[in-house]
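**Q** take this sequence and fold it.
(2 chains)
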Protein chains: 2
Amino acid sequence: MLIDEVSQKPGFWSSSGPKSDIVLSSRIRLARNIHSLPFPAVLEENESYIIRHSIERFASESRYSGNVRLIDLKRLEDHEKRFLRERNIITHEMETSPKSLVLLSSGEDFTILVNEQDHYRIQVIKPGLQIEEAYRLADTVDDELNRFVFYAYSEDYGYLTASPANLGTGLRCSMLLHLPALAFKNRIGEMVPYLKERGVDLRGTVGENRKTIGSIFQISNRTSLGLSEVDIIEIMDSAANVLVSTEDSLRDETVLTSRVKLEDRVFRSLGILRYARTVSYGEAMEHLSNVRFGVILAFIKGLEIHVINDMMVNIQRSHLQNYFGETIVSNGQCDRLRAEYISAMLRNIGER
Amino acid sequence: MLIDEVSQKPGFWSSSGPKSDIVLSSRIRLARNIHSLPFPAVLEENESYIIRHSIERFASESRYSGNVRLIDLKRLEDHEKRFLRERNIITHEMETSPKSLVLLSSGEDFTILVNEQDHYRIQVIKPGLQIEEAYRLADTVDDELNRFVFYAYSEDYGYLTASPANLGTGLRCSMLLHLPALAFKNRIGEMVPYLKERGVDLRGTVGENRKTIGSIFQISNRTSLGLSEVDIIEIMDSAANVLVSTEDSLRDETVLTSRVKLEDRVFRSLGILRYARTVSYGEAMEHLSNVRFGVILAFIKGLEIHVINDMMVNIQRSHLQNYFGETIVSNGQCDRLRAEYISAMLRNIGER
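**A** Numbering: from 1, shown residues only, chains lettered A, B, ... in the order given. Below is the predicted model of the structure:
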């Protein structure tokens, strides 16, 4: 079973990395296309063959052969695709596309998305602030893939990509950050223009805006064209460090000035999570975010951050279905199983 | 110490009585005044002497002598008066009046309020639906008091009272009921006119309206004039029985149709009460009401209703001050101590 295999490996969120109390993950994505073939959106069936053939050769003949597995998404059950998407392995678009494949490496070190927006997207996700390390691995995979694929590349524009936003290096670098103190103090708004000036977008994880759940935000590079890979990594690294140090100092300040209010919020969330009989994904994320903050501030003892990180992944629908071994047919059932899972995970936590 | 003495006796709420899952208490109050003396609001200092002298004789010479204690409220500390008011022994008006006294009997079986609105108000509060039993005791005390006081009485109007609403029998009969199913189903509104037609007022416990906290409502007889004591007791008894049976059948129905929603509400309240670090009186009452409902419905095991009833009394400010032996100087401090008290009382309750 694909799901069992994937879910037994530790997710990127459950390992710890540098600054991982704030930076959940660092992601590198390289967009690559085959020379003189149309982009996936307008690709004919017979042209698709070339793309598939190249990735099959990569899987069996590259230095990674034996440690990778190529999966044709149209052969998967819906809930298996959903499971992969919930783990951030494939994108929402790929769930419904008949042309898409994904190449998984052992340990989920890297993945290659085939026929998403671009023919190939090399993706590396590492826990914590490890943007440079993630880039180094992506770069190595890129060199290897290039042995099997003749890349579309222009002297003027660099790598040609389906979206103009990725032209140039084809590099998209993003990080997920947990910023509860900035959110608590309503300070996210002022960070947006500050980062924008420096070429970095700060977004919520819901929709395209600053809206988010659980105080989890994403930063990514605004553009790829006209900058070198090293420039982009530097910009992103420095943006992340600014957010980390701002969040850190706000945490100290907030504990000093609003300790009771903060403790109350953290422990109420813990109480609700331990006792609710039905809880939506959004509400659960809000409370898990507060509990995570409470663990970081040492209000809550006996609970590890990585356990909460895992829960944030595992409270999604296909993950719950897999955990309980029960087909989920309604939102009501899903919300009840989510509440049951959470209260089991938090048993005996936070007793006075 | 008066407070220690009073608080060691079981409150009327902590004992159980008939239908006490729904009827918290039955209260009888008889308004009596001395013949040809002005009502307390317009009483002169020298006239007040007669009222005091009569109740002192009652205390030392009646059949209750040795088992009663007469307390001059102006000799008490503010927080002691507040404590008595929080236990429903004295009224809010008496807290600030320099003329008021209260006679307490052992076990709080009955009290006589002196110089509240009337010269004397005999008050009996019993747990559960015991309106007749309460009346019998009040009637006996009334006969005894009459040996020491020449009552103001008119052949046309009956007992003369400060408020025209009490003219006639001088009997005010009221009950506190916990009606969470009627409140959950938004059915309180339709009970109001039904009871009004039958001479019974249904009110919330906050202000004069249907507003309430914790789904606790009060019913009382609308008028005293033109009805005999037996009529009033009958009317009130039947009103209480209608509410009890409606609430009972709604409870069964609600559990059948909304079990998950109801369980979720009950257990979330329990979770918040166990974990909050600061909680207002009103919010605590709402959650305690849900928890009480959960105990009655057997969702929550290992918790007795009388413990929750006690908590509903003990989370008031002077009671908390007494419990912690700590002077409460701010609302913030009060809310923190309330949260601490509640979480201590609910330790280990409701674990899955």
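
**Q** which residues of chain A lie near chain B?
**A** Residues of chain A lying close to chain B (Cβ under 8 Å from any Cβ of the partner chain) are A:260-261, A:263-264, A:267-268, A:270-278, A:332, A:336, A:339, A:343-344, A:347-348, A:350-352. Where you see a C-beta, it was placed from the backbone N, CA and C, and this is true even at glycine.

**Q** using ChimeraX, define a selection of the buried residues within these.
**A** Remark: buried members of the residues of chain A next to chain B, expressed as a ChimeraX selection using 16 or more other Cβ atoms under 10 Å in any protein chain shown:
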select /A:263,264,267,268,270,271,272,273,274,275,276,277,278,336,339,343,350
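
**Q** so which of the residues of chain A next to chain B sit within helices?
**A** Among those, DSSP state H puts A:260-261, A:263-264, A:267-268, A:270-275, A:332, A:336, A:339, A:343-344 in helices.

**Q** for A:E155, what are its contacts?
**A** Counting by Cβ atoms under 8 Å, 6 or more residues apart in numbering or on different chains, A:E155 makes contact with nothing.

**Q** go on, A:N146?
**A** Contacts of A:N146 (Cβ under 8 Å, 6+ apart): A:R32.

**Q** what's the separation between it and A:L30?
**A** Going from A:N146 to A:L30 by Cβ to Cβ, to the nearest Å gives 11 Å.

**Q** same thing with A:H319?
**A** Distance from A:H319 to A:L30, by Cβ to Cβ: 28 Å.

**Q** what about the stretch 51-200 of chain A, any weak spots by pLDDT?
**A** A:107-108 (pLDDT under 70).

**Q** tell me where the stretch 51-200 of chain A has helices.
**A** Along the stretch 51-200 of chain A, counting by DSSP state H, counting those that start in this stretch, helices occupy A:78-86, A:92-96, A:131-146, A:180-184, A:188-197.

**Q** which residue ranges make up each domain of chain A?
**A** Listed domain ranges for chain A are A:2-168, A:259-345 (source: automatic domain parsing).

**Q** so where's the stretch 201-350 of chain A uncertain?
**A** Looking at the stretch 201-350 of chain A by pLDDT under 70, you get A:207-210.

**Q** so where do the strands sit in it?
**A** Assigned by DSSP state E, counting those that start in this stretch, the strands in the stretch 201-350 of chain A fall at A:216-221.

**Q** helices along that one, start to end?
**A** Counting by DSSP H, counting those that start in this stretch, the stretch 201-350 of chain A has helices at residues A:229-275, A:281-296, A:305-314, A:317-324, A:331-345.

**Q** most tightly packed of the ones you listed?
**A** helix A:281-296 (a mean of 22; mean count of other Cβ atoms under 10 Å in any protein chain shown).

**Q** packing partners of that helix?
**A** The contact analysis (3 or more Cβ pairs under 8 Å, 6 or more residues apart in numbering or on different chains; DSSP states H and E) places helix A:281-296 against strand A:171-178, helix A:180-184, helix A:229-275, helix A:305-314, helix A:331-345.

**Q** what's the closest of these to B:I216?
**A** B:I216 lies closest, by Cβ to Cβ, to one member of the helices and strands packed on helix A:281-296: helix A:229-275, at 22.9 Å.

**Q** show me how far that closest one is from its chain's centre.
**A** With Cα atoms, centre = their mean, to the nearest Å as the basis, helix A:229-275 stands 19 Å off its chain's centre.

**Q** same thing with stretch A:118-135?
**A** Distance, centroid of stretch A:118-135 to centroid of chain: 10 Å (Cα atoms, centre = their mean).

**Q** sorry, back to before: which one of the helices of the stretch 201-350 of chain A lies closest to B:S106?
**A** Per Cβ to Cβ, nearest to B:S106 of the helices of the stretch 201-350 of chain A: helix A:229-275, 41.1 Å.

**Q** now the angle from the closest one to helix A:131-146?
**A** 110 degrees (axes from the mean of the first three to the mean of the last three Cα atoms, to 10 degrees).

**Q** pick the most buried one from the helices of the stretch 51-200 of chain A.
**A** helix A:180-184 (a mean of 22).

**Q** which helices and strands sit right next to that helix?
**A** Using 3+ Cβ pairs under 8 Å, 6+ apart: helix A:180-184 touches helix A:229-275, helix A:281-296.

**Q** the same query, at a cut-off of 7 Å, please.
**A** Judged by 3 or more Cβ pairs under 7 Å, 6 or more residues apart in numbering or on different chains; DSSP states H and E, helix A:180-184 is in contact with helix A:229-275.

**Q** dump the residue contacts of the closest residue to A:E56 other than its chain neighbours.
**A** Computed as Cβ to Cβ, 6 or more residues apart in numbering or on different chains, the closest residue to A:E56 that is not its neighbour in sequence is A:L70, at 6.5 Å. Residues near A:L70 by Cβ atoms under 7 Å, 6 or more residues apart in numbering or on different chains: A:I55, A:E56, A:A59, A:L101, A:L103.

**Q** also A:V206?
**A** A:T212, A:I213.

**Q** quick check: it vs A:I51, distance?
**A** Distance, A:V206 to A:I51, by Cβ to Cβ: 32 Å.

**Q** same question, A:T111
**A** In terms of Cβ to Cβ, A:T111 sits 16 Å off from A:I51.

**Q** just read off the phi/psi values of A:I315.
**A** Here is the backbone geometry of A:I315 (degrees, to the nearest 10): phi -80, psi 10.

**Q** bridging residues for the residue nearest to A:E56?
**A** Under the criterion DSSP bridges, A:L70 forms beta bridges with A:L103.

**Q** sorry, back to before: which among the contacts of A:L70 count as buried?
**A** The neighbour-count criterion (16+ other Cβ under 10 Å) marks A:I55, A:A59, A:L101, A:L103 among those as buried.

**Q** and A:S62, how many neighbours?
**A** Around A:S62 there are 17 other residues, counting by other Cβ atoms under 10 Å in any protein chain shown.

**Q** check contacts around the residue lying closest to it once chain neighbours are set aside.
**A** Counting by Cβ to Cβ, 6+ apart, A:E144 is the residue found nearest to A:S62 once chain neighbours are left out, at 5.1 Å. Residues near A:E144 by Cβ under 7 Å, 6+ apart: A:S62, A:R63, A:Y64.
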